[in-house]
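>>> sequence first, then the predicted structure:
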Amino acid sequence: MAEVTRLVHKYLRHDKKFPHVWCPGCGNGILLGSLIRAIDRTGLEKDRIVVVSGIGCSGRISVYVDFNTLHTTHGRALTFATGIKLANPALNVIVIMGDGDATAIGGNHFIHAARRNLDLTAIVVNNNIYGMTGGQYSPTTPYGAVATTALYGNIEHAFSIAELAVTAGACMVSRGAVFYATMLDELISKAIVKRGFAVVEVVSHCHTQYGRRNEMGGAVEMLRWQKESAVRVEKAKEMSEEQLRGKFTVGILTDRDLPVYTEEYEKLRQVAKKSLITKN
Amino acid sequence: MKAKKPPGRQLLLQGNEAIVEGALAAGCRFFAGYPITPATEISEVMSYRLPAVDGTFIQMEDEIASLGAVIGASLAGVKSMTATSGPGFSLMQENLGFACTAEVPCVIVNVMRGGPSTGLPTRVSQGDVMQARWGTHGDHPVIVLAASTTQECFSATVRAFNLSEKYRTPVILLADEVVAHTREKIYLPRSAEVEVIDRIKPDMPPDWYIPYEDNSRGVPPMSTFGDGYRYHVTGLIHDVRGFPTERRDEISAFVSRIFRKISQHLVDIQQIEEEMTEDAEVLVIAYGSVSRSARRAVREARKLGVKAGLIQLVTLWPFPRHAVEPVLRRARMALVPELNMGQMSREIKRINQGATRIETLNRIDGNLITPDEILRRLVKSY
């Protein structure tokens, strides 16, 4: 318990903005725990960390943590983070978004941030639904699932956030689940340390808005579903498509070294200085 | 005897280039934008000038992202700007409201072109006067300036940055296609001669810092991300500590303060240029490129014995009523020529409250109002 108390006192705005807004049993609390453990593991100074969030339940994380925090407009968190990182590359910028936030309204920003390879950490909490607005279908709501805007069943097909990030050019992409909190700590701390655009898709649950309507039960049952459906990336390689149906992979999907935007820009500055001097 | 040379460098520049010079002189070191006619040259020049002064240029995926990045960079302590035209300005409205609410200094240049929609991309217009005032949702204060010459593109951009830093608010600079693309002589002052204002930063220990606490100016000191103050910034209505609130007293205190910080400094913010207004019986009130035609028309009218005068609005919003009202009261008639269906004339009629006759002259065909058109109306009304 002492360790938990230390982390709470060090990283949470415990004397300011609690209790939080989340439903009992919500995955966001587990993610918040993972986030501060991961940050603690990296040993980074609090003053050098900026937590940027979008809009939605996950967006509220920025209120509770004692860093430089920025709660942006819906879907635009990565754009604000881009400005912060470019203005001061010494800051460690961690961006927290939801599935609708990052891949619907912010989809364009998501793929372009990945393509640019700025040194940002993007955590996408995927609970398959718009929770805060009351359970409308999102780009990750599975085909056939029920939502308040899909009472007859969702006829759209879901995005795979992590795979999208790999294709868009992110240099590290991983997927974790709130059930596997220890693994999540590991994935998030690796993503923070990684030089370049690192994405962590966090499979979470919204029993209030999604589980209830889709006969998946409460928080406990949904966490059990995560436990039973998660397959290690390494193990998944040996499994057939048939065996993987209804499952999701967890672990590091890709880890590659690509030129980092801010470093490239610094080189460009040197070129610009020389060329403007010779011109004049 | 040789005429005394004004200080600084004499150059031939277009308005868009002068805007870049103004921004750099004011200390702008971050630009994010998306290509759009007729504002693109600002991006182009920024892209090669900024890296040479250790600044940063980035071309974002759209205008929404551009303003997002600008706000982020400003929070990290760097003076930032974007430039666009009507369609892009519409996309920026969401984050413009964020900058108003979170009180983040930044400058947005809108080189106006014909609208609505894709409209007339290469043609001049002044159709965004009301969008600049009311474009973002919710009741909010805003500062909007307009430039009419290349020289003013420089000075108004410097002023836009200064006002933005002083009052912690986004400032919109409205140029138009004619001003932006006209190439003319400009004197670039030496950097020591440019007045540059920087935001006030907190000097108390971090534990004592209350990021949105009211003071006599209504403008709280602004800390920079990474400086040790670790505060929260949000677009939600927030309490003095920056955290979301739904308390009635805190909501009204916040909204009143962000209005008050602009309204109580109206005298500092308002700027107009007057020409021959002392004895003017007929006035022209104009802004942007139209004020150039108006100036010529007023001079021609004087030659014909018509006691005409010009008020050129440099500050459009908040409307410079303390400066305009006394002149307006003295005149028999005021003509408001605009490249729209009558956006600023509405405000002038409202301020005037029926005291002086207000006439409008509107052109929406993508062409400039000529001095002749204004002159004819002045002579007719005299």
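Happy to help now that I have it. Residues are numbered from 1 along each chain as shown, chains lettered A, B, ... in the order given.
>>> show the pLDDT at residue 235.
Using chain A. Model confidence at A:Lys235, given as pLDDT, is 96.
>>> if you could check chain B rather than the one you did, that'd help
The model reports B:Gly235 with a pLDDT of 97.
>>> so the closest residue in space to it that isn't next to it in sequence: helix, strand or coil?
Excluding the flanking residues, the one nearest B:Gly235 by Cβ to Cβ, 6 or more residues apart in numbering or on different chains is B:Phe98, at 4.4 Å. Quick note: C-beta positions are derived from backbone N, CA and C, even for glycine. Secondary structure, DSSP: H, G, I helix; E, B strand; the rest coil: B:Phe98 is helix.
>>> check contacts around the nearest residue to B:Arg9 once chain neighbours are set aside.
In space, and not counting its chain neighbours, B:Arg9 is closest to B:Leu188: 4.6 Å by Cβ to Cβ, 6+ apart. Counting by Cβ atoms under 8 Å, 6 or more residues apart in numbering or on different chains, B:Leu188 touches B:8-11, B:21, B:25, B:154.
>>> still on that earlier bit, show me the contacts for the residue nearest to B:Gly235.
For B:Phe98, the contact set (Cβ under 8 Å, 6+ apart) comprises A:72-73, B:71, B:104, B:235.
>>> picking that back up, now list the buried members of the contacts of B:Leu188.
Those of the contacts of B:Leu188 that meet the buried threshold are B:21, B:25, B:154, by 16 or more other Cβ atoms under 10 Å in any protein chain shown.
>>> state the pLDDT value of the first one.
Confidence per residue is given as pLDDT, and for B:Glu21 that number is 97.
>>> any idea how far the closest residue to A:Thr149 other than its chain neighbours is from A:Gln209?
Counting by Cβ to Cβ, 6+ apart, A:Thr149 lies nearest to A:Gln136, which is 4.3 Å off, once chain neighbours are set aside. As judged by Cβ to Cβ, to the nearest Å, A:Gln136 and A:Gln209 stand 9 Å apart.
>>> how far out from the middle of the chain is the host helix or strand of B:Ala156?
Using DSSP states H and E, B:Ala156 sits in helix B:150-167. Its chain's C-alpha centre lies 8 Å from the corresponding centre of helix B:150-167 when counted by Cα atoms, centre = their mean, to the nearest Å.
>>> what's downstream of that helix, the next helix or strand?
strand B:170-176.
>>> show residues contacting the next helix or strand after that next one.
Downstream of strand B:170-176, the first helix or strand assigned by DSSP H and E is helix B:177-181. Identification of contacts with helix B:177-181 by Cβ under 8 Å, 6+ apart yields B:14-16, B:19, B:38-39, B:41, B:111-113, B:122-125, B:147-150, B:152-153, B:288-289, B:368.
>>> give me the subset of the residues you listed lying in strands.
Counted as lying in strands by DSSP state E, out of these, are B:14, B:111-113, B:122-124.
>>> buried subset of those residues?
B:14, B:111-113, B:123-124.
>>> make TSV from the residues you listed and add distance to chain A and pLDDT to it.
Conversion of these to TSV gives the following (distance: Cβ to the nearest Cβ, whole Å; pLDDT from 0 to 100):
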residue	distance to chain A	pLDDT
B:Gln14	19	97
B:Val111	22	98
B:Met112	24	98
B:Arg113	24	97
B:Arg123	29	97
B:Val124	30	97
